[in-house]
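# how would this look folded up:
(2 chains)
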Amino acid sequence: MSPLLEVKNLRIELTTRDGVAPVIDDLSFTLNPGETMSFVGESGCGKSMTALALMGLLPEKVGRVAAGNIIFDGEDLSQASDERLRAIRGNEISMIFQEPMTSLNPVFTIGEQIAEVLRAHQGLSRKAAWAQSIELLNAVRIPNAKSRVSDYPFQMSGGQRQRAMIAMALACQPKILIADEPTTALDVTVQAQIFDLLTDLRKQTGAAIILITHDMGAVAEMAERMIVMYAGRKAELGPVDQIIEHPRHPYTKGLIECVPHIQSDPSLERHDLVEVPGIVPSLREFGKDQCLFASRCAYLTEACLASRPTEKLFANGQSADCWHAEGL
Amino acid sequence: MGILRTILLRVVYAILLLVAVLVLNFSLMHLAPGDVADTISQSMGGADQEILDEIRVSYGLDQPFIVQLGRYIANVAQFDLGYSFFYNQPVTKLILERLPATLLLVIAAQIAALFIGVVLGVISARKPNGLSNYVVTFLALFGYSAPVFWTGILLLITFSLNVHWFPVAGMRDVTIEGGFWVHFIDVARHLFLPAVTLGSIFLALYSRLSRASMMEVLGSDYVRTAKAKGLTSNQVVYKHALKNALSPVITLAGLQFSAVLSGAVLVEAVFSWPGLGTLAFQSIIARDTPTILGILFFSALVVIIGNLLTDLALRLVDPRVGGQK
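Residues are numbered from 1 along each chain as shown, chains lettered A, B, ... in the order given. A predicted model of the protein is given here:
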C-alpha cells in the first residue's frame, strides 16, 4: 500500500531575534490512508509546527520549509503554489485546533462557518451548503441541530464548539484530519466524548488522522502508530503498543513513566509520580550536532555529546534516534 | 423583542438626559452676565434703568430663577423653544431651517472618515512594514495635528481659488436651475471641501484605530481557522477579520459624534455653511439666549440619537452585544 502522505527529511526554519533556528530538523515519516498517527512530546517540540507545515500555514515571513519534501497523494506540497495549497486546505487536509473557545469566529453563526467551507471547495449553493451544515452538526451529535445551526459560538459550550469545529473540518470529507490537541481545553468527560466521536467518524469517513496530544491515554486508545518528538527532532517512531511496551528512547520512557496509574488495591502505598527532569532546550541549541536530550538523560555518555544520534531500526517496526537504543 | 426593549429603555434615558441638559444649560446661561434687555438696549443705542426693567418684565426676566426655569421646561415639553428677539423668529423654526445643513455636513464627514479610515487601516494592517503603512501613519498624524480651520482655509485656497474645482462658500448656487439631480450635484460640490476638512481629524483617529484593531484580529485563532479552511486571503481579511475589527471603530465613532458636531461649528464658519454652527456663533455674539439654549438642546438631541444608532450598529456587527436569546 503506498502511503497517503510521505514527509522526507523535512527541515523547517524559524527566523528569530537570535538568528535562524531549525524548529523541525530532518523529520521523516509516512502516513497510510485511514491510519491514525499520534505526535507526542512536550510543548515546543515542533508538533504543531509540523501540522502547520502540512497545511502550508507556517507563520508568514518567519517560518519556512528550508529542506525536504511533503508528498501528499504524489504531489509535493512544499513546492506547491499558494493557490494549490488553498484548494487542498480544508478540503483534502483539514485541521482542528486546540482552543475551541477562540478558534471559531465569534461574529458568524456556526452554520455559516461550516457552510462557507462547502461553498469554497465544493461550489455548493447557499441553500445546499446550509442544509449540509445541519447534516454535519447531526453527524457530530449536536442535539437539535436544525435550530443550533443558526447559533453563534458564544451560545455554545466548549464541547459543542469543538464538535462544530470537527464538523467544519470534516465537511469536505478530507483524506487527512489533523487534530492539534483537540481536547486540551475541555474537561475530562467531554474529552472522552470527543475522542469517541473522532473514532466513530474515522470509521465512517476513512480519513487518516494525525493526532497531536500530550495525553498518553488517548494515544494508546486512538492511534496505531506514534512519533515522539523532542526539540524539533524525531526521538522515536513505531507502533503504539510496541513503544508503550518497550520504549527504545529515554525520553519516551520518561514520558510513559509520567502517567499515573490507578492501583487495584487503594490501600497499597502509592508510587511517587515520576517526572522528566529539566526543560526543553532553547531554540538557540536546536541545530547542534549532539543529542539534544542529553542534558536531561540518565543514560548520558560521551557519545551523546559528540554527535547527533542516528536512527536505529528494530525488527518490530520501531525506530529510535538514540545511541543507546539497543541497550534500553 | 430585545431590540425594541432596548430602544424603549434608551428613549426613557434620553428624555431624562435631555431634561438634565435643559436645567444645566438654563442655569449656566442665567449665571452669565448680561441678558436680552442689555442687547435690546444696546441696539437702541442705550437705555435707562426704567426701560431696562420694563423690557425685563415684558419678557418675564424679573421672575425668580426657579419660575423662569419651570416655564422654560414646560414650554420645551410642548416643542416651543422660545422666541428669538434677535432674529424675530420662533427658535424652533430657526433651528429646523438650519439643522438639515449641519446634519448633512456632519453625516457626510463622519461616513467619509469612517469608510476611508477603515480602508486605510486595513491596508496598512495587512502590510505593517510596507510603504502604505507609512503613508497612512503620516496622513493620520497630519490630520490629527492640523487645526481644522487651517486645513479648511488651505483646501479652500488650493482647490477653490487656484484650480477652481470646487465652489468657495455656501451650500448651493442660487443661479443654477434644473431638476433634482442638478441640485444634488450642486450641493455635493459645495459639500465636498467642508466634509473633507471636518472628516480629516476623524479620519486620522479611525484609520489608526482600525489598523491596531485589525492587526490584533489578524493574529487571532479564528483567523487561523479561516485560513485553514482554504479561504482566499481577501475572504479572510474582509469577511472574517474585518467584521471583528469593526466593533472598536464603531464604538469610537459613536463617542466622537459629539466632537464632529462641535467641529462643525468651526468648519461652517470657514466655509460659510448655512448650518447650526454659524447660527450658534451669531447668537452667542448677540446674546440671544433662547437661540443658544435651543441649539444646545438640539445638539444634545442629535448626540443622543447618534449614540443610539451606534448601539444598533454594534448589534449588527457583533451578535454578542445585547445578550443571549
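# and the residue of the stretch 201-328 of chain A found nearest chain B, how many residues sit next to it?
When distances are taken as Cβ to the nearest Cβ, the stretch 201-328 of chain A reaches nearest to chain B at A:Ile210, 13.5 Å away. (Glycine included, C-beta is placed from N, CA and C.) Neighbour count for A:Ile210, taken as other Cβ atoms under 10 Å in any protein chain shown: 25.
# In the stretch 101-250 of chain B, what residue spans correspond to helices?
For the stretch 101-250 of chain B, the helices defined by DSSP state H, counting those that start in this stretch cover B:131-145, B:148-155, B:180-218, B:221-228, B:233-235, B:242-271.
# for those helices, which one sits closest to chain A?
Closest to chain A of the helices of the stretch 101-250 of chain B is helix B:221-228 (Cβ to the nearest Cβ; 4.1 Å).
# hmm, the closest one in reach of chain A?
Yes - for helix B:221-228 and chain A, the contact criterion (Cβ under 8 Å from any Cβ of the partner chain) is met by B:221-222, B:224-228.
# related to what we said a few turns ago, any idea which element the residue of the stretch 201-328 of chain A closest to chain B lies in?
When elements are defined using DSSP states H and E, A:Ile210 is found to belong to strand A:208-213.
# For that strand, the averaged confidence score.
The pLDDT scores in strand A:208-213 average 92.
# Ok, stretch A:139-157 next?
Here the average pLDDT along stretch A:139-157 is 90.
# can you list the residues of chain B near chain A?
So chain B meets chain A at B:220-222, B:224-232, B:235, B:240, B:243-244, B:317-320, B:324-325 (Cβ under 8 Å from any Cβ).
# If any of those residues are buried, give me the PyMOL selection for them.
In PyMOL syntax, the buried subset of the residues of chain B next to chain A is picked out as below (16 or more other Cβ atoms under 10 Å in any protein chain shown):
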select buried, chain B and resi 220+221+222+224+225+226+227+228+229+230+231+235+240+243+244+317+318+319+320
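# burial of the one residue in the stretch 51-200 of chain B that gets nearest to chain A, as a residue count?
At 9.1 Å from chain A, B:Asn129 is the closest residue in the stretch 51-200 of chain B, using Cβ to the nearest Cβ. Residues lying near B:Asn129 (other Cβ under 10 Å) number 8.
# who's in contact with the nearest residue to B:Asn75 once chain neighbours are set aside?
In this structure, B:Asn75 finds its nearest non-sequential neighbour in B:Gly82, 6.5 Å apart by Cβ to Cβ, 6 or more residues apart in numbering or on different chains. Contact analysis of B:Gly82 by Cβ atoms under 8 Å, 6 or more residues apart in numbering or on different chains lists B:72, B:75, B:90-91, B:290, B:293-294.
# Could you list the buried residues of the helix or strand harbouring A:Ile114?
For A:Ile114, the enclosing helix or strand under DSSP H and E is helix A:110-122. Using 16+ other Cβ under 10 Å as the test for burial, helix A:110-122 gives A:110-121.
# which of the residues you listed lies closest to A:Gly159?
The shortest approach to A:Gly159 among those belongs to A:Ile110, at 13.5 Å (Cβ to Cβ).
# if you skip the residues just before and after it, what's nearest to the closest one?
A:Ala164 (4.9 Å).
# neighbours of the one you found, just the number please.
27.
# May I have the residues that are in contact with it?
With contact taken as Cβ under 8 Å, 6+ apart, A:Ala164 is in contact with A:100, A:104, A:110, A:113-114, A:137, A:140, A:142, A:153, A:156.
# swap in A:Met222?
Contacts of A:Met222 (Cβ under 8 Å, 6+ apart): A:36, A:38, A:195, A:198-199, A:209, A:211.
# Run through chain B and note the low-pLDDT ranges.
Across chain B, the ranges flagged by pLDDT under 70 are B:1-2, B:322-325.
# And the residue nearest the centre of it?
B:Leu261 (2.5 Å; Cα atoms, centre = their mean).
# you'd agree that one is up against B:Val303?
Yes - using Cβ atoms under 8 Å, B:Leu261 is in contact with B:Val303, at 6.5 Å.
# which neighbours do these two share?
Joint contacts of B:Leu261 and B:Val303 (Cβ under 8 Å, 6+ apart) do not exist.
# Give the buried residues for stretch A:88-98.
Using 16+ other Cβ under 10 Å as the test for burial, stretch A:88-98 gives A:88-98.
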